[in-house]
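[1] structure for the following, please:
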Amino acid sequence: MARSGGVKFSVKANGVEAVLRKLGSEGAKRLADDLDIVVEKQALMTVNDAKNNAPQKDGNLKRSIKLYGKPVKLSRTIGSNMPYAQRQEYEHKSRKGYFRKALWKRREPFRKAIESEIKKLDN
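    The predicted structure follows:
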């Protein structure tokens, strides 16, 4: 969680490193690059879902939901820097869980997209 009162979530695919080691350096680099594109796409879709789910009074919270920090290979951080974002996530009357619901919605499509990229290696 952000110290300023905002809220941030990170998603990382576990087990990918073991697969990459088995592929050798060239295959691992190619797969890592392909998977990084999947991670970016899924992170942006999660941002959009969180924005759509977020409580909206003046639109500041919705506009603040984005990718944060410098992209790290196979990892992205999404969140909001609004001081009340965390409170809205856990306490809003009708829209609480807007980030968690977005993450949950993207969970299975994210897994399937990763699986699809790995299966391409067999072809």
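[2] from Glu91, how far off is Asn52?
    Going from Asn52 to Glu91 by CB to CB, to the nearest Å gives 19 Å. Every residue, glycine included, has its C-beta placed from N, CA and C.
[3] so between the two, which is more surrounded?
    Per other CB atoms under 10 Å, whichever of Asn52 and Glu91 has more neighbours is Asn52, with 13 against 9.
[4] check the offset of the host helix or strand of that one from the chain's centre.
    Element membership for Asn52 (DSSP states H and E) is helix 16-53. Distance, stretch centre to chain centre, for helix 16-53: 10 Å (CA atoms, centre = their mean, to the nearest Å).
[5] in that helix, what's buried?
    Residues 16, 19-20, 28, 31-32, 35-36, 38-39, 42-43, 46-47, 49-51, 53 are the ones in helix 16-53 that count as buried (16 or more other CB atoms under 10 Å).
[6] so which residues make contact with the helix or strand hosting Lys119?
    If you go by DSSP H and E, Lys119 is part of helix 98-119. Residues from elsewhere that reach helix 98-119 (CB atoms under 8 Å, 6 or more residues apart in numbering): 7, 9, 11, 13, 16, 19, 31, 34-35, 38, 41-42, 45-47, 49-50, 53-55, 65, 78-79, 88-89, 92.
[7] switch to 6 Å and redo it
    Helix 98-119 is contacted from outside by 9, 13, 34-35, 38, 42, 45-46, 49-50, 53-54, 89, using CB atoms under 6 Å, 6 or more residues apart in numbering.
[8] dump the residues you listed into TSV; add pLDDT and distance to Trp104 as well.
    Putting those into TSV (pLDDT from 0 to 100; distance: CB to CB, whole Å) gives the following:
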residue	pLDDT	distance to Trp104
Phe9	67	11
Ala13	67	16
Asp34	92	25
Leu35	91	21
Val38	94	18
Gln42	94	13
Met45	96	13
Thr46	95	10
Asp49	96	10
Ala50	96	11
Asn53	93	11
Ala54	93	15
Glu89	90	13
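[9] please identify which pair of the residues you listed lies farthest apart.
    The most widely separated members of these, counting by CB to CB, are Asp34 and Glu89 (32.0 Å).
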